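J.: here is my input; please provide its structure:
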Amino acid sequence: MPSMIQFIRSAARLAFVSILVILLTACNSGTGGMESFQSNDGRYAFLYPTGWTRVAVNNGPEVVFHDLINSDETLSLVVSKVESSIDLEELGSSDSVVDALVKNVIAPEGTGRDIEVVQASSRENSGHNFYDLEYIVHLDDRDRHELTTVVIDRGNLYTLATSTNEIRWKRVKNLFENVINSFTFLI
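T.: As a prediction, this is how the structure comes out:
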């Protein structure tokens, strides 16, 4: 019987180690701590951080989430109509699109906002071209770090943006990158 007890102990250790490895792998995965959001019409989806809550906004973005603990951290999706035949590349390069966003949306003349563009890049995902933009908004009382992606699909320009106080940027950078890179079209 001692061999049966040893066998049971070995099997229990193996099960414990296996569960521990699975749990640690899940915690370290690129999407750990993320929830899935899907539009009511099933057209698009993206991930958002666990613990964030959706907020209703009148005459604003289609979707807004913010962190319950750090309410200064936000995620928003703006959907704007464009000509159905236009492609993202027709709007220009990622650099020219970020310039247009800065001048016309983020910091139009008279707002007192100063923008520092960190980088602008393009990527392809599931047949769609995305422009990813990173910039810092210098306000009178603080700096904000923002990561945004823009994409066109079926006559709509989608702008998904994440934002935080500059002080917290290094802590949430990877999380925000996961959010931005998760945006996808389902139909």
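J.: any idea which element Glu177 lies in?
T.: With elements delineated by DSSP states H and E, Glu177 resides in helix 169-182, which encompasses its position.
J.: tell me the mean pLDDT for that helix?
T.: Averaged across helix 169-182, pLDDT comes to 97.
J.: now swap in stretch 103-118 and tell me
T.: When pLDDT is averaged along stretch 103-118, the result is 87.
J.: what's the end-to-end length of it?
T.: Across its full length, stretch 103-118 reaches 16 Å between end residues, using Cα to Cα, to the nearest Å.
J.: sorry, back to before: for the helix holding Glu177, list the C-alpha coordinates in PDB.
T.: Presented in PDB, the C-alpha positions along helix 169-182 are these (Å, rounded to 0.1, in the frame of the first residue of the first chain):
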ATOM      1  CA  TRP A 169       1.300  56.300 -18.400                       C
ATOM      2  CA  LYS A 170       4.100  53.800 -17.800                       C
ATOM      3  CA  ARG A 171       1.900  51.700 -15.600                       C
ATOM      4  CA  VAL A 172      -1.000  51.400 -18.200                       C
ATOM      5  CA  LYS A 173       0.900  51.600 -21.500                       C
ATOM      6  CA  ASN A 174       0.800  47.800 -22.200                       C
ATOM      7  CA  LEU A 175      -2.800  47.700 -21.100                       C
ATOM      8  CA  PHE A 176      -3.800  50.500 -23.500                       C
ATOM      9  CA  GLU A 177      -1.800  48.900 -26.300                       C
ATOM     10  CA  ASN A 178      -3.800  45.700 -25.800                       C
ATOM     11  CA  VAL A 179      -7.100  47.700 -26.000                       C
ATOM     12  CA  ILE A 180      -6.100  49.500 -29.100                       C
ATOM     13  CA  ASN A 181      -4.800  46.400 -30.900                       C
ATOM     14  CA  SER A 182      -7.900  44.400 -29.900                       C
END
